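Participant: coordinates only, sequence not included:
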Ligand code: GLN
């Protein structure tokens, strides 16, 4: 019934929202019936219909990364996250739209179509996991899975008024996640509330021998963190996230949230994370550098679409990549190749890695004193479709509040904390490495 109701809902609203690229109705209904027959509902996610971002491999189900170059790619295997959810009898409704190869902040960089914000369809849902966030917000699934390299789970969750978590780097296996920037990518849940976030994290977290960067650290039961108690907790509010460039209403909403925590028995203070301003620029060296290397595999031979007419092997590569990649992906490949080329490597890539260490140290220092850090999710509410498409720099600036968290490998959760012009405002809670329990607890208390 639930699966049918959701497909009914998708049929009614997805023309307007455009959250999904691929629907898998037949298999979803089959799986639902199977689960019903089994009748074992001891696992809370059993039979729950979910949507999966289209850069996470699903066996025998198209996985396009919203790119023409993978438009026909059907993975012969499941990502570890997909496999774990399937083992838990989650029902996959389909695959959601995204910025091509997760490069973007608005889902306008999809090679297929733009997704719309369910609160106002003239606005973007955020990105790159815009399809996943919109599907949750528009009741087109019960929960969704996204990926976050520089904010791609948290920012769309914030723009769509839902809950999104980027776990600590290494907490969730990246095996089968199509790599964008491998040292920054993490998979995480996008859900309707904090309880669901904990349940989904329980299902997907944990060591995986197929991902050498996954951490061999025990996974707690995250639902045990769901206690509305923040008594005695110390909160840091970095001034670098609350100054110029951040909308006044967003700043106020974050301060208002801090006061609510104070009323519940926590205390807050202004702090400084002095290297914040450099994080964004360093990210836009490191992420494109890793992307340029990761995307070298799309050569028309091994995966996906191949150009039709070509003279020789080099021509085949050139034509396939010219036709297959969109403008933003090409921009990143060029930026990254440049930053990695001999003679420039030290000046750009190495320098950026040093900045990354400084950003991480700022957080390490702060976490000696504070339990969690409270900041906005983005400088503005969801912007209008088309507003930033001609200005990549403006689009990149939008990630200023989320990127440092990826650079430092920390967990961050986004949850709604108010409205501006009828659109949701997102609050971000940042935690110590592997301290998802504290940020879940704070988020649960706040919600
Ligand atoms: N907007 C950022 C970028 O374009 C982050 C995207 C992401 O987290 N995948 O790189």
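Facilitator: That came in fine, so what should we check first? These numbers come from a predicted model, not from an experiment.

Participant: pLDDT wise, what is residue 392 at?
Facilitator: In this prediction, residue 392 carries a pLDDT score of 88.

Participant: wait, it sits on residue 328?
Facilitator: Yes. Between residue 392 and residue 328 a contact is recorded at 7.3 Å, counting by C-beta atoms under 8 Å. Using the backbone N, CA and C atoms, a C-beta is placed for each residue, glycine as well.

Participant: quick one, phi/psi of residue 126?
Facilitator: When read as degrees, to the nearest 10, the backbone of residue 126 gives phi 90, psi -180.

Participant: on that earlier part again, higher neighbour count, residue 392 and residue 328?
Facilitator: Using other C-beta atoms under 10 Å as the criterion, residue 392 and residue 328 rank with residue 328 on top: 18 against 15.

Participant: and that one, which of the three is it?
Facilitator: With DSSP: H, G, I helix; E, B strand; the rest coil as the basis, the three-state label of residue 328 is helix.

Participant: start at 34, not 1
Facilitator: All right, first residue 34 from here; so that's residue 361.

Participant: which residue packs closest to it, ignoring adjacent ones?
Facilitator: Spatial nearest neighbour of residue 361, excluding adjacent residues (C-beta to C-beta, 6 or more residues apart in numbering): residue 142 at 4.7 Å.

Participant: which bits of the stretch 34-183 of the chain sit near the ligand?
Facilitator: Contact residues, the stretch 34-183 of the chain versus the ligand (C-beta under 6 Å from any ligand atom): 135, 136, 137, 138, 161, 181, 182, 183.

Participant: tell me the one of these nearest residue 315?
Facilitator: residue 183 (11.0 Å; C-beta to C-beta).

Participant: got the phi and psi for that closest one?
Facilitator: Dihedral angles for residue 183 - degrees, to the nearest 10 - are phi -150, psi 20.

Participant: still on that earlier bit, for the residue nearest to residue 361, what are its contacts?
Facilitator: The neighbours of residue 142, taking C-beta atoms under 8 Å, 6 or more residues apart in numbering as the test, are 99, 132, 133, 136, 160, 161, 359, 361, 362.

Participant: rerun that using 10 Å as the cut-off
Facilitator: Shown in contact with residue 142 (C-beta atoms under 10 Å, 6 or more residues apart in numbering): 99-100, 131-136, 160-161, 163, 359-362, 422, 428.

Participant: Three-state assignment for it, please.
Facilitator: Under three-state DSSP, residue 142 comes out as coil.

Participant: any idea how far residue 318 is from it?
Facilitator: 20 Å (C-beta to C-beta, to the nearest Å).

Participant: also residue 391?
Facilitator: 14 Å.

Participant: got it, and residue 438?
Facilitator: Distance of residue 438 to residue 318, given as C-beta to C-beta: 17 Å.
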